[in-house]
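>>> what would the 3D arrangement of this be:
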Amino acid sequence: MGHTESKDELAPETKPEVKEEESLNGVLRELRALQTQPTNHLIADRSCVLENAFSYFKSGKSELSPLEVSMVTSGYSEHAKEQGGPMREFFSLFFKEVLRKDIDMFEGQDHGQQLFPVNNARAIENHWFHALGKAIVVSTMSGGPGFPYLAPIVVQYLRGLECEHDLNISMVQNMLLRQLIKRINNAADGDQLQDAVDSDVERYIDNCGWPRPNMITISNRLELTQYLLKWEILSKRFAALEQLKHGLNTLQFLDKTRDLHEVEKILQAENGDHATAEYLKESLTKEIGRLNPRSERETNAKDFTLKCLPANKRHSEAVSLFHFITGMSSLPVNGIPLEVEFNRVDPSSELPQAITCIQRLRIPLGNETAIAFYSSFHKALTHGQYGFGRSERS
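Numbers count the residues shown, from 1 in each chain. Presented below is the predicted three-dimensional model:
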């Protein structure tokens, strides 16, 4: 994958200890120093985040300016001071929007994980993949979420690493092609192999680059399989992959991080919901444990909150709570500090509140019973995701 020094290049006793995370942080600091233009203020309407984002990131040199975001809902501006919360939510919403099936930019499996870019003419002609790549870089530079949805083979390609030896049939999204590959490789003799080739009514073999004069035989069918896999997984997506790669190399991000495995966390699908859920539970348990109740009501609220934390297997609830507190749907590459406090400002309030710009959860003190408390959390997570300065968020 990345460059590994041999024993001849560096003796073990002289090999420097370089922490990848520190190296990645160093690159991000270097890139932020390049943002020398005046701050851009983007007004993003929740009903058209996709259009707002594409328009902004398709504009020239937008990456050279720090970005502040104001969110608008149903024509009303959300009154939130920009300290990172609105911007992070803007990127989270945008990244989720590009995964919509009707946008048709990606296909894959596991409910949005292990994705492959689609060779969509509309997206390519409108430079959507390039704009997305640039947005991922700007979000990462700004402490926002990454785009951890791509198949590992795609990330290898984008980073300029050798990947053809890792191609396999499990990556094939087209079920007809997958069946054809299996028939070709399961053929017991030349007649069965010819039947398999003749069944290729979609003409995959003609399109994959296989030299037409070459006879397909038992001895070279594995070579044919490699042609089919490379075409399906990489070659037919070339335009989309290259455009995304160009966008991700904004400010030479890919070039500067080529040998840093930590960058995979930004792009590669590795059960991101699980990682977010584990981080949330660990961080909140620690912060809630530090609270010093001043009354029986606060003691009860502290205990109720600990019992409210989503169970290990309920990742979707944990992601919802993480989004409620931070405005992000996934954990950024370097983590993010979470804070907890009792709502002593408005002790009669029954709903939890979140100050997303500083990632702080306010525990309500207005509930008389455990059931009322649990219901208040459920209500907040269900209805409190619509904006800053609206309902119980700020």
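>>> give the buried residues for stretch 266-284.
Buried residues in stretch 266-284, counted by 16 or more other C-beta atoms under 10 Å: 266-269, 272-273, 275-277, 279-281, 283-284. C-beta: built from backbone N, CA, C; applies to glycine.
>>> using TSV, lay out those together with pLDDT and distance to residue 318.
Shown next, in TSV, are the buried residues of stretch 266-284 (pLDDT from 0 to 100; distance: C-beta to C-beta, whole Å):
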residue	pLDDT	distance to residue 318
266	91	20
267	91	22
268	84	20
269	71	17
272	59	11
273	66	8
275	70	10
276	76	6
277	79	4
279	82	9
280	82	5
281	84	7
283	87	11
284	87	10
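>>> just want the most central residue of this protein.
Geometric centre of the chain, nearest residue: residue 147, 2.4 Å, by C-alpha atoms, centre = their mean.
>>> tell me the one of the buried residues of stretch 266-284 nearest residue 31?
Nearest to residue 31 out of the buried residues of stretch 266-284 is residue 266 (C-beta to C-beta; 12.9 Å).
>>> residues in contact with the closest one?
Counting by C-beta atoms under 8 Å, 6 or more residues apart in numbering, residue 266 touches 136, 140, 146-148, 333.
>>> most neighbours, which of these?
Counting neighbours by other C-beta atoms under 10 Å, residue 140 comes out on top of the contacts of residue 266 with 27 neighbours.
>>> thought residue 148 was touching that residue, still the case?
No - checked against C-beta atoms under 8 Å, the pair residue 140 and residue 148 is beyond contact range at 11.0 Å.
>>> ok, back up a step: please name the nearest non-neighbouring residue to the residue nearest to the centre of the chain.
Counting by C-beta to C-beta, 6 or more residues apart in numbering, residue 147 lies nearest to residue 136, which is 4.8 Å off, once chain neighbours are set aside.
>>> the helix or strand where the one you found lies: which residues count as buried?
Using DSSP states H and E, residue 136 sits in helix 128-141. Neighbour counts over helix 128-141 (16+ other C-beta under 10 Å) mark 128-141 as buried.
>>> now swap in stretch 227-235 and tell me
227-234.
>>> re earlier: CSV please, covering the contacts of residue 266 and showing pLDDT and distance to residue 360.
Putting those into CSV (pLDDT from 0 to 100; distance: C-beta to C-beta, whole Å) gives the following:
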residue, pLDDT, distance to residue 360
136, 97, 27
140, 94, 23
146, 91, 23
147, 92, 26
148, 89, 25
333, 55, 21
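>>> so which of these comes closest to residue 67?
residue 140 (12.4 Å).
>>> according to the record, where do the domains of this protein fall?
With domains defined by automatic domain parsing, the chain comprises 18-162+238-267, 169-233, 272-383.
>>> chain center to the longest one, what's the gap?
In terms of C-alpha atoms, centre = their mean, to the nearest Å, the centre of domain 18-162+238-267 is found 9 Å from the chain centre.
>>> ok, now the second one?
A distance of 34 Å separates the C-alpha centroid of domain 169-233 from that of its chain, computed with C-alpha atoms, centre = their mean.
>>> could you pull out the strands for this protein?
For the chain, the strands defined by DSSP state E cover 40-45, 67-73, 76-77, 106-109, 113-117, 339-342, 353-355, 360-363.
>>> what helices or strands is the top helix by length along the chain leaning on?
Ranked by residue count and defined by DSSP state H, the top helix of the chain is helix 272-289. Applying 3 or more C-beta pairs under 8 Å, 6 or more residues apart in numbering; DSSP states H and E, one finds that helix 272-289 makes contact with helix 296-308, helix 315-326, strand 339-342.
>>> out of these, which comes closest to residue 351?
Residue 351 lies closest to helix 315-326 among those, at 10.9 Å (C-beta to C-beta).
>>> report the buried residues of that closest one.
Under 16+ other C-beta under 10 Å, the buried positions of helix 315-326 are 315, 317-326.
>>> pLDDT-wise, what's the bottom of those?
Minimum pLDDT across those is recorded for residue 315, with 65.
>>> which residue packs closest to residue 131, ignoring adjacent ones?
Distances taken as C-beta to C-beta, 6+ apart place residue 57 nearest to residue 131, at 4.0 Å, with adjacent residues excluded.
>>> count the residues that sit near the one you found.
Other residues lying near residue 57 total 25 when counted by other C-beta under 10 Å.
>>> confidence score at residue 181?
Residue 181 carries a pLDDT value of 92.
>>> closest one of the buried residues of helix 128-141 to residue 185?
Of these, the one sitting nearest to residue 185 (C-beta to C-beta) turns out to be residue 129, at 33.0 Å.
>>> might you report the residue contacts of that closest one?
Residue 129 neighbours (C-beta under 8 Å, 6+ apart): 105, 117, 123, 240, 243-244, 247.
>>> quick check, nearest of those residues to residue 174?
Among those, residue 117 lies closest to residue 174 (C-beta to C-beta), at 14.7 Å.
>>> quick one on the thing from earlier: tell me which of the contacts of residue 129 fall in helices.
Per DSSP H, the contacts of residue 129 map to helices at 123, 240, 243-244, 247.
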